[in-house]
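Participant: Give the three-dimensional model of this entry:
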Amino acid sequence: MNSKRSHASAGRRPRSLAVISVTAVIDVTAAIAVTAAIWVTSVASVLGASALSVAGAAATADAARFPAPVTFTAEQDQRNTMQQLGIRALRPGPSGNENAPNHANYDEALANPYPKLPDPLTLEDGRRVTSARMWWKTRRPQIVADFERYVYGRIPPHVPPVTWRITATDQDRVGGVPVRIERLRGHVDNTSYPLIDVNLSMTLVLPAEARGRVPVLMMFGAANFPAPPQPTPMELRRINAALEKALVGVDPSLASVFRRNFFYQPIAPVPFAPTQRNADGDPPSTEELIAAGWGFALLDPESAQADNGAGLTRGIIGLVNHGQPRRPEDWGALRAWAWAASRGLDYLQTVRAIDARHVGIEGVSRYGKAALVTMAFDPRFAMVLVGSSGKGGATLLRRNFGEAVESLTGGEYYWLAGNFMKYGASEASSGSGNPGQIPVDSHELIALCAPRLTFLSYGIPERGDARWLDHRGSFMAAVAAQPVFRLLGAKGMGVPDDYLHAQMPAVNHGLLDGELAWRQDDGGHTDAPNMKYFIKWVDRFIHHASAEQRPVAADGPRAVEMPAAEPAELAFKAFRATGTYAPGERAGWTVTRAPGNEDREARYSYTVTRDQQVVVATDSFDMSSGRAQIELPAGSTGSFRVIVDRMAAPAAAPLTAREARAVNHAVSRLLIDTDPSLKAVLDKYPEYRFVPAAHFRFADLMEHRVATLRAVVRTLQPRG
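Facilitator: From the prediction side, this is the model:
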């Protein structure tokens with residue numbers, strides 16, 4: 001990693017908290033709590049008063065020098081903006097409930113009240129854009145200015161700088177592949193207004209054994225961080241022995257408890273729970289990225305700006321405005337989230353292991369809107385995966401289908417600039433507004449991404465990607481953006497430019513030949529089923545070699561080893577050696593422990609997929625008896641794939657990080673006092689947690705794939 005990072009410091013790197021399940025009887029838990037409380041109280045008595053007094057004095061001084069931030073409810077903030085714009089009333093948005101009296105329109109005959117779209121290749125003076133030079137020099141800046149003034153708002157020129165700091169590092173596995181992980185904190189300089197503190201949160205995960213620089217996909221969402229490795233089983237036995245001894249010292253009656261429960265462990269290994277797969281049977285998107293030789297960064301957008309109107313006087317928008325309400329042309333949450341992504345990219349471009357020319361951005365739903373806005377305004381991003389973004393994202397604003405402009409000017413007004421409210425006004429000093437008055441539309445937002453790689457993803461209403469999102473409206477916008485891609489030397493989707501009459505491709509049929517791509521999968525409100533198509537599509541254009549995948553024979557079952565450091569832990573024997581079964585024949589595998597794994601305690605889940613697309617069964621088994629069986633569904637025919645996973649850890653218990661640190665520090669001291677030789681062990685795991693904390697390991701939540709099995713059940717041939 002580059003030691004000369006701009007705005008980055010990499011001194012001593014503390015680790016984050018682990019999730020360690022505690023299976024405890026009440027008496028044992030109480031004894032731990034009492035002992036821990038003694039240590040916590042003593043530490044607080046030494047450090048608490050002085051620390052609080054220093055912090056309190058600083059806060060008092062800041063409050064005296066700077067005006068307090070305004071505190072509005074969302075309704076008060078919206079009313080304030082309306083007053084600034086002279087708006088007396090807004091039209092109510094339609095209901096998403098199709099049975100409600102005011103439900104949204106879903107009649108295509110009424111969907112295009114403003115059929116003529118602004119031409120992205122016509123200058124404001126009426127001249128036609130005929131060259132890439134005219135686009136970059138004149139037309140693109142015009143479109144950007146209109147989006148900033150009327151839709152998303154302007155980023156102020158005096159936004160403070162961000163200083164990134166690595167707060168923790170770790171090594172782990174994602175889908176069996178070794179990875180390096182950094183937890184990052186981006187502090188926004190708030191010396192101009194110390195009453196608001198903004199700290200961007202991002203987690204970076206890179207393949208640890210990559211041969212060169214890797215592309216990275218930044219993903220909007222919670223930037224959760226994995227916990228450090230756990231002690232070995234032998235070390236854990238020593239820890240438990242010392243803890244039992246200490247607890248008996250606190251409460252001698254516990255000696256009989258431990259004698260009756262000889263195998264009980266006060267500190268238990270992490271338990272297991274079923275893993276989750278995508279609807280099409282594929283691994284999670286993060287695992288697919290790592291397996292393909294990519295990295296990913298998880299950026300928490302709400303660490304920059306809250307997802308509500310009441311937060312507009314806080315966050316980065318509030319910091320820049322010194323806690324005062326927005327002006328109508330100021331930026332909204334979507335632009336603030338995009339700003340945070342750009343600051344995250346500033347850091348990623350300093351990391352040697354990353355191919356800085358090929359960093360992308362991804363998001364779904366409201367974060368899909370933010371991903372498209374990010375890509376449009378920051379030309380440094382090389383690719384974007386826009387998932388189910390709807391109005392304010394890829395869907396045409398002029399369309400009257402599902403979500404409406406009035407939906408955005410009403411409850412979600414804070415996503416956009418205050419000026420956008422004018423288009424939902426029913427009574428205003430400037431007259432009523434309507435979507436046809438907006439000088440730009442989403443096809444031009446897509447055009448701002450040209451000629452870079454732009455992939456629009458949707459699911460289907462039957463699986464939860466609601467009609468409200470107006471899938472066709474997004475497809476029309478993509479069609480209307482094609483001429484700009486072609487002007488700049490890129491390929492569009494390969495369909496005619498008649499956006500009003502263009503036919504959407506069938507579900508699961510992607511238009512992936514050009515730099516502008518479209519694919520509607522048969523999943524729900526997620527882009528996960530399209531991730532594998534996105535990765536292959538990008539790799540083709542950037543000439544990135546994906547991680548090698550071993551071929552699988554089509555005519556028989558075979559356990560395929562995944563890239564992992566550990567040897568196979570299970571052995572699979574097909575009921576029929578050829579792996580091909582007659583109709584009605586019992587089909588499947590007998591499972592045993594592989595040599596060297598006789599003592600492994602684990603549960604396993606498996607997913608059965610037929611003909612590479614339909615999940616027909618999911619189940620789990622354990623190896624407590626040393627043997628198990630996996631059977632294909634009776635009566636089914638076709639080509640089957642069975643993916644077997646070691647089950648992963650459940651979500652963390654609701655204990656705050658501060659509470660966990662205090663209790664675990666006390667337990668560590670107790671253990672060392674009881675058995676001084678444990679100091680060397682605990683020093684190896686400085687952030688090991690004996691009790692649950694609100695963090696998790698990627699290795700616990702991602703897939704631990706054990707094997708991929710294949711079999712064929714022939715179709716019964718009719719007698720002729």
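Participant: Show the residue spans covered by the helices in the stretch 451-600 of the chain.
Facilitator: Assigned helices in the stretch 451-600 of the chain, in chain order: 471-487, 531-542 (criterion: DSSP state H, counting those that start in this stretch).
Participant: Can you tell me what sits against the shortest one?
Facilitator: With contact meaning CB atoms under 8 Å, 6 or more residues apart in numbering, helix 531-542 is reached by 215, 282, 285, 288-289, 292, 294, 358, 360, 382-383, 385, 453, 455, 457, 510, 512, 515, 517, 519, 527, 544-546. (C-beta placed from N, C-alpha, C; glycine too.)
Participant: repeat that for 7 Å
Facilitator: Applying CB atoms under 7 Å, 6 or more residues apart in numbering, the set of residues contacting helix 531-542 from outside is 215, 282, 285, 288-289, 292, 294, 358, 383, 385, 453, 455, 510, 512, 515, 517, 519, 546.
Participant: Doesn't F640 belong to a helix?
Facilitator: No: with DSSP: H, G, I helix; E, B strand; the rest coil as the criterion, F640 is assigned strand and is not in a helix.
Participant: Can you tell me the SS state at the spatially closest residue to it that is not a sequence neighbour?
Facilitator: Excluding the flanking residues, the one nearest F640 by CB to CB, 6 or more residues apart in numbering is A711, at 5.0 Å. Classification of A711 using three-state DSSP returns strand.
Participant: do you know how far T708 is from A628?
Facilitator: 17 Å (CB to CB, to the nearest Å).
Participant: My error: substitute V538 in the last question.
Facilitator: Where A628 is concerned, V538 sits at a distance of 40 Å (CB to CB).
Participant: now I317
Facilitator: Noted for I317: a distance of 56 Å to A628, by CB to CB.
Participant: ok, back up a step: ok, the residue nearest to F640 - contacts?
Facilitator: Listed by CB under 7 Å, 6+ apart, the contact partners of A711 are P557, A574, G579, Y581, A587, L632, F640.
Participant: Which member of those is positioned nearest S389?
Facilitator: Looking at the contacts of A711 and their distance to S389, the nearest is F640, at 35.4 Å (CB to CB).
Participant: Around that closest one, how many other residues sit close by?
Facilitator: As a burial measure, the neighbour count of F640 was computed by other CB atoms under 10 Å and equals 25.
Participant: and what of P496?
Facilitator: Residues within reach of P496, counting by other CB under 10 Å, total 11.
Participant: Over to M421?
Facilitator: As a burial measure, M421 scores 24 neighbours (other CB under 10 Å).
Participant: And G489, by the same measure?
Facilitator: The number of residues packed near G489 is 10, by other CB under 10 Å.
Participant: Kindly report the same for M234.
Facilitator: M234 is flanked by 9 other residues according to other CB under 10 Å.
Participant: and P157, what is it in contact with?
Facilitator: Listed by CB under 7 Å, 6+ apart, the contact set of P157 is empty.
Participant: coming back round to it: wait, which of the helices of the stretch 451-600 of the chain is closest to A417?
Facilitator: Closest among these, once you apply CB to CB, is helix 471-487, at 20.0 Å.
Participant: Can you name every helix or strand that that closest one contacts?
Facilitator: In this structure, helix 471-487 makes packing contacts with helix 442-447, strand 453-458, strand 516-520, judged by 3 or more CB pairs under 7 Å, 6 or more residues apart in numbering; DSSP states H and E.
Participant: about what we covered before: which pLDDT value goes with the residue nearest to F640?
Facilitator: In the prediction, the pLDDT value recorded for A711 is 78.
Participant: any idea how far E585 is from it?
Facilitator: As for A711, its distance to E585 is 11 Å (criterion: CB to CB).
Participant: domain parsing for this structure?
Facilitator: 74-152+389-525, 570-649+699-713 (automatic domain parsing).
Participant: now the helices of the stretch 451-600 of the chain in CSV, with mean neighbour count, mean pLDDT and distance to V405?
Facilitator: Written out in CSV, the entries for these read as follows (neighbours: other CB atoms under 10 Å; pLDDT from 0 to 100; distance: least, CB to CB, whole Å):
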stretch, mean neighbour count, mean pLDDT, distance to V405
helix 471-487, 24, 98, 12
helix 531-542, 19, 97, 29
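Participant: Mind checking these for the one nearest to G368?
Facilitator: Evaluated over these, closeness to G368 peaks at helix 471-487, with 9.9 Å, by CB to CB.
Participant: May I have the closest one as PDB, with CA atoms only?
Facilitator: Backbone C-alpha positions of helix 471-487 (Å, rounded to 0.1, in the frame of the first residue of the first chain) are rendered in PDB as follows:
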ATOM      1  CA  HIS A 471     -39.100  -0.700 -15.600                       C
ATOM      2  CA  ARG A 472     -40.200   0.400 -19.100                       C
ATOM      3  CA  GLY A 473     -39.500   4.100 -18.200                       C
ATOM      4  CA  SER A 474     -35.900   3.200 -17.400                       C
ATOM      5  CA  PHE A 475     -35.500   1.200 -20.600                       C
ATOM      6  CA  MET A 476     -36.900   4.200 -22.600                       C
ATOM      7  CA  ALA A 477     -34.400   6.400 -21.000                       C
ATOM      8  CA  ALA A 478     -31.500   4.100 -21.900                       C
ATOM      9  CA  VAL A 479     -32.800   3.900 -25.500                       C
ATOM     10  CA  ALA A 480     -32.800   7.700 -25.700                       C
ATOM     11  CA  ALA A 481     -29.300   7.900 -24.300                       C
ATOM     12  CA  GLN A 482     -27.800   5.700 -27.000                       C
ATOM     13  CA  PRO A 483     -27.000   8.500 -29.500                       C
ATOM     14  CA  VAL A 484     -24.600  10.100 -27.000                       C
ATOM     15  CA  PHE A 485     -22.800   6.800 -26.400                       C
ATOM     16  CA  ARG A 486     -22.400   6.300 -30.200                       C
ATOM     17  CA  LEU A 487     -21.200   9.900 -30.600                       C
END
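Participant: which other residues reach it?
Facilitator: Judged by CB under 7 Å, 6+ apart, the contacts made with helix 471-487 from elsewhere in the structure are 117, 120-121, 132, 135, 394-396, 399, 401, 442-443, 446-447, 450-451, 456, 458, 491-493, 495, 497, 499, 502, 504, 514-516, 518, 520.
Participant: how about low-confidence regions in the stretch 101-250 of the chain?
Facilitator: For the stretch 101-250 of the chain, the stretches flagged by pLDDT under 70 are 225-230, 232.
Participant: so where do the helices sit in it?
Facilitator: So, for the stretch 101-250 of the chain - with DSSP H, counting those that start in this stretch - the helices run 132-134, 140-147, 233-250.
Participant: and what of the stretch 301-450 of the chain?
Facilitator: For the stretch 301-450 of the chain, helices defined by DSSP H, counting those that start in this stretch occupy the ranges 315-320, 333-348, 366-377, 405-409, 442-447.
Participant: Which strand or helix spans P69?
Facilitator: Secondary structure from DSSP states H and E places P69 outside every helix and strand.
Participant: Please look at it and D197 and confirm they touch.
Facilitator: No: under the criterion of CB atoms under 7 Å, P69 is not in contact with D197, lying 11.4 Å apart.
Participant: Of those two, which one has the most company?
Facilitator: P69 (18 against 11).
Participant: Give the full set of residues in contact with the more buried one.
Facilitator: Contacts for P69 (CB under 7 Å, 6+ apart) come out as L195, I196, T313, R314, G318, G323.
Participant: Mind pulling up the pLDDT for it?
Facilitator: According to the prediction, P69 has pLDDT 96.
Participant: thinking again about what came up before, which of the domains of the chain has the lowest mean pLDDT?
Facilitator: domain 570-649+699-713 (a mean of 79).
Participant: Span of that one from start to end?
Facilitator: When the termini of domain 570-649+699-713 are compared using CA to CA, to the nearest Å, they are 24 Å apart.
Participant: Please name the bridge partners of A574.
Facilitator: For A574, the beta-bridge partners under DSSP bridges are W589.
Participant: roughly how far apart are it and S639?
Facilitator: Spatial separation of A574 from S639 under the definition CB to CB is 15 Å.
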